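Participant: Sequence and predicted structure, then a few things I'm wondering about:
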Amino acid sequence: MAPNTQDLSLHPAANAKRARETFTIALAGSPNTGKTSLFNALTGLRAQTANFPGTTVERRVGRLRIADTDVSLVDLPGLYSLYAATAEERVACDMILGKREGVPQPDAVVVIADADNIQRSLFLVSQLTEHAIPVVVALNMIDVAERHGIRVDHEALGEELGCPVVPLVARTGRGVDDLKDELARLVRPDLAEPRPAPPPRTTCDTCGACPFQSRYSWSDGVVARCVTSPRVAPERKTARIDKALTHPVIGLAAFLSVMFGVFYLIFAVATVPMDLIDALFTGIGGWVAAHVPAGDFQSLLVDGIVGGVGGILVFLPQITILFFFLALLEDSGYLARAAFVMDRLMRRIGLPGTAFVPLLAAHACAIPAIMASRVVRNPRDRLVTILVAPLMTCSARIPVYAMVTALLFPDNPGRAATVFMGAYALGITAALVMAWVFKKTILPGESKPLVLELPGYRLPSLKTALIYTYDRALVFVQQAGTIILLISVLLWGLATYPKSDEPAAALAMRAQAEQMMAASAGVNAGTAGEASALLAEADHLTSRNALAQSFAGRIGHFIEPAVAPLGFDWQIGIGIVSSFAAREVIVSTLSIVYGLGEDAGGDNPTGLYDTLRLARRADGTPVFTIATSISLLVFYVLAMQCLPTQAVTKRETNSWKWPIFQLAYMTVLAYGASFAAYRIAIFFGGG
Amino acid sequence: MSGEIPLNQLKPHQCGVVSHLEAADDEDLARLMAMGVCAGRTVELVQTGDPLILKVYGTRVGVSARLANRIHVQRITLDTLGLDDGPPPEKKRQ
């Protein structure tokens, strides 16, 4: 590193030249004008998503080559005007005006205007053209405008605005090359003929009573001179569909069925690729185990790293399915209607209608849900949504629910189903109540009244949806995945160290097995079977002992006094500690600590349930009484117990404060509720 | 029939010219104005309720009723502006 730095400092000129070689173009425009389509048409998959430094506002940066120069294109958040109303808009404005620290001012701005509704877009265009930064107007959706009989004289418009206007169709790529040609004139002004200077503008932001009023009057004039349109806007289709979809009852029913469909797909379809990823990584683990000598290094590779990477990728099916459908719904114009109809209901707990989407998605997995909380525009409301989303019952809790219901009602599916339903209801209630509490206490403030554009319906673009899905998957793997991997290696260490010797009982069993093998000399198949059973028993004993002696085991022992009031013993304590990374791990951990082997939980759950039912405390009473089982269930409904979620919360809130708070409040909530549930169950004779 | 009324009091598919917005420094009102709900502009009430839908500059905007209450308009009774997109004004909904 050092020689390199020195080299650069010796050649400041070269350095400066390199900096100048990347020409930055910002892409600005109102929401629903096809900004993303144009960005994708210009850059394709060569884009990266990151947050603006110090914020949770995302920017996508893509690379393209114009006039043999590397150009980086920055996709800014949607913007109606330079009078920023939200944090996202403020970041976008600041960047355009070069007021954002750590982000260079762009060299040019491409502003997208909706050809079908020019008047509305002109507001932002006119504001931008007043700043000392080159502007090119991309007049998008010119095909839709033509279909509606709207004719735009783009050259006259360009003269009025004082900047080039390029008609195009971002979705099909028509006119995109013209835009690139226009940008080439800015990138390499030395190669282009100079354009005539723009005429002076007659708008004024400060002299009227209302800065908006004078600008609108000006844009009325411009539109009158450059655009001819039929008298009646042909919008009947949208009006008719909206009549149903924004109806308080029909709209709600429609939305619930759409969301149920998406949710069902996440639930049902995602399991196939998830099982495949699981199997693939188990296979890789097996291959590594066969090729690397046994020992700590092998264990680190297999359980820590391969297991950790698998644990990251296993979330991808749910993430991609959710974001693919969300992108389609948003692009079609439907998502705005969904937010509209849910607004009145969600407002009762102080959240906007859009918050319903992530909260429902959290029933599949909190990770895509928290990533999807960006649909909530207000930062405070978005934070509340993120905080409560993990309370919803996700699919990782199902193995735990299945275990507890099997312990409680082994032969009564009706009652088992009731317990399942109760667990879901508890999670939903807790999330809604906590959202309401947060809005009243730590994140006060009335939720923002709804102001939401309902764009015209259109056929969603598959390409946009796929690129968006790819982008979300990449963000998850790159930005949350690294934290998750570190955590899995750390937890592997906790469960592996310090090492302990094989217990005497296991050694005795092994010796006995060897004797039996020697005595029968392989003649008696029955004896050989008994011997291998003994060896397996010895293995179980060893792994149980190793876990009990490890840091995780010691923490389990250490927290026993703390979890005893919930009806848990130290084995369950180990289960809680080891399932910090993923809830479902408690099933396999319990199977180890109660002496069944690691695989028993997965392949033969009935065996596990039988063993758990037989588990006894020191005083000979059963461990899993009704009260303890209910307490364990309540704990797992409400406790955080998912470090990947925490990694995503960190990424989305851009601070460690909120994941830590989330962990703390959920643990306190889970503890309190479990304690209450345990006491109540004992009171009713469940002890 | 003229005089200033809050936007909520328009009937479905009636238009009004915005006369003023209360508390224009409010960031939500600023957002409405950037969308075109600004003094002198014509808006149409497309659907009543809370939130309600209004149409301005050919764009439908969902607005919560308490915000719409602060937008004051002059009712236009004659449908002369060619802004009506849907079926003719029909039976009133609450």
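Facilitator: Arrived safely, thanks for sending.
Participant: Now stretch A:620-636: buried residues?
Facilitator: By neighbour count, and taking 16 or more other C-beta atoms under 10 Å in any protein chain shown as the criterion, the buried residues in stretch A:620-636 are A:623-636. Where you see a C-beta, it was placed from the backbone N, CA and C, and this is true even at glycine.
Participant: Return the member of those residues nearest to chain B.
Facilitator: Proximity of the buried residues of stretch A:620-636 to chain B (C-beta to the nearest C-beta) peaks at A:V634, which lies at 37.0 Å.
Participant: show me the contacts for that closest one.
Facilitator: With contact taken as C-beta atoms under 8 Å, 6 or more residues apart in numbering or on different chains, A:V634 is in contact with A:426, A:670, A:673-674, A:677.
Participant: how far does the lowest-mean-pLDDT helix or strand in chain B sit from the chain's center?
Facilitator: The helix or strand of chain B with the lowest confidence, counting by mean pLDDT, DSSP states H and E, is helix B:27-34 at a mean of 80. How far helix B:27-34 lies from its chain's middle: 14 Å, per C-alpha atoms, centre = their mean, to the nearest Å.
Participant: picking up where we left off before, point out the least confident one among the buried residues of stretch A:620-636.
Facilitator: When it comes to pLDDT, A:V623 is the least confident member of the buried residues of stretch A:620-636, at 85.
Participant: helices and strands around the least confident helix or strand of chain B, which ones?
Facilitator: In terms of contact count using 3 or more C-beta pairs under 8 Å, 6 or more residues apart in numbering or on different chains; DSSP states H and E, helix B:27-34 is assigned the packing partners strand A:451-454, strand B:15-21, helix B:65-68.
Participant: can you tell me which of the ones you listed comes nearest to A:G350?
Facilitator: For the helices and strands packed on helix B:27-34, the distance to A:G350 is smallest for helix B:65-68, at 14.1 Å, taking C-beta to C-beta.
Participant: OK, contacts around A:I349?
Facilitator: By C-beta under 8 Å, 6+ apart, the contact set of A:I349 is A:432, A:435-436, A:439.
Participant: Let's see that with 10 Å instead.
Facilitator: A:355, A:359, A:384, A:388, A:431-439, A:447 (C-beta atoms under 10 Å, 6 or more residues apart in numbering or on different chains).
Participant: do A:E453 as well
Facilitator: A:30-32, A:78, A:80, A:120, A:333, A:336, B:31, B:35, B:59-62.
Participant: gap between it and A:Q479?
Facilitator: Relative to A:Q479, A:E453 is positioned 30 Å away (criterion: C-beta to C-beta, to the nearest Å).
Participant: Which residue comes closest to the residue of the stretch 251-400 of chain A found nearest chain B once chain neighbours are left out?
Facilitator: Ranking the residues of the stretch 251-400 of chain A by distance to chain B (C-beta to the nearest C-beta) places A:F340 first, at 4.4 Å. If you skip the residues right next to it in sequence, A:F340 has B:G62 as its closest partner in space, 4.4 Å away by C-beta to C-beta, 6 or more residues apart in numbering or on different chains.
Participant: Touching, the one you found and A:L452? I think so.
Facilitator: Yes - look at B:G62 against A:L452 with C-beta atoms under 10 Å: they come within range, at 4.3 Å.
Participant: so what sits against both of those two?
Facilitator: Taking C-beta under 10 Å, 6+ apart as the contact criterion, the residues that touch both B:G62 and A:L452 are A:336-337, A:339-340, A:343, A:353, B:51, B:53.
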